[in-house]
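Trainee: From the sequence below, what's the structure:
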Amino acid sequence: MKKILLAGTAILGAGLLILSLNSCKNENKQEDPKEVAEDANEAKFDTLNNKEDDSEFLVDQAEINLAEIELGKLAQQKGTNAEVKKFGKMLIDEHTKSASEVSALAKAKNFTLPTSLTEDGQEEYKKLNEKSGLDFDKKFVDMMIDGHEKAIDKLQKASKDATDNDVKVWASNNIAPLTAHLEHAKLLKQNLDKK
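Mentor: Take a look at the predicted model:
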């Protein structure tokens, strides 16, 4: 009986050691805010896949807004072209407005959103921050074209496929403003390519 008790205690002790080692290992790396939000939403809507798709769309929109605001700030700081700086300011204003709309919509639907720059957003910021001068301006405009094309695709999909009518309407209403951003970025690219 003593041997069984000792063996059980040893196994329990080894299990606790493994658990404590794993938790120490995980403490160093902060979780991506996007993953935290998606996990929280999945837990809430485990049985309702349609709500999960809508929540993922809003998580994506929050991620886009956070990134565009930070990249816009960087363009204002490091941009050498006056139009690039102006575009950066416009992005901050427009995406701050969009972020508050997305936040209000998510709150009404009980969805969780990331509240700080995601890992992808940090990576984009870092890549852009490494550039300077005309290289910075060109990289910024290329990122804006690529990012806005992807964002518009997501908006178009949600405007058709979202199950929640409020989410569908919001997506539809935001296609035109983002298309305007995209066209503006393309014009900037044409001007920068001449230099």
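Trainee: CA only for contacts and neighbour counts going forward, please
Mentor: Noted.
Trainee: Next, name the residue at the spatial heart of this structure.
Mentor: Closest to where the C-alpha atoms of the chain average out (Cα atoms, centre = their mean) is residue 63, at 1.8 Å.
Trainee: Flag every buried residue along the helix or strand containing that one.
Mentor: According to DSSP states H and E, residue 63 maps onto helix 49-78. Within helix 49-78, the residues scored as buried using 16 or more other Cα atoms under 10 Å are 51-76, 78.
Trainee: The closest residue in space to residue 93 that isn't next to it in sequence and residue 131: what is the separation?
Mentor: Leaving aside its sequence neighbours, residue 93 sits nearest to residue 69 (Cα to Cα, 6 or more residues apart in numbering; 7.9 Å). Note on residue 69: its distance to residue 131, by Cα to Cα, to the nearest Å, is 18 Å.
Trainee: burial measure for residue 82, as a count.
Mentor: 12 (other Cα atoms under 10 Å).
Trainee: gap between it and residue 195?
Mentor: In this view, residue 82 and residue 195 are 14 Å apart by Cα to Cα.
Trainee: Give me the local confidence score for residue 54.
Mentor: Listed pLDDT for residue 54 reads 89.
Trainee: my bad, residue 23
Mentor: Reading off the model, residue 23 has pLDDT 41.
Trainee: Also residue 98?
Mentor: 95.
Trainee: Going by neighbour count, list what's buried in the helix or strand containing it.
Mentor: If you go by DSSP H and E, residue 98 is part of helix 82-109. Residues 83-85, 87-92, 94-96, 98-99, 102-103, 105-106 are the ones in helix 82-109 that count as buried (16+ other Cα under 10 Å).
Trainee: Also stretch 157-166?
Mentor: Result for stretch 157-166 [16+ other Cα under 10 Å]: buried residues 158-159, 162-164.
Trainee: of all those residues, which comes closest to residue 179?
Mentor: Within the buried residues of stretch 157-166, proximity to residue 179 (Cα to Cα) peaks at residue 159, which comes in at 14.4 Å.
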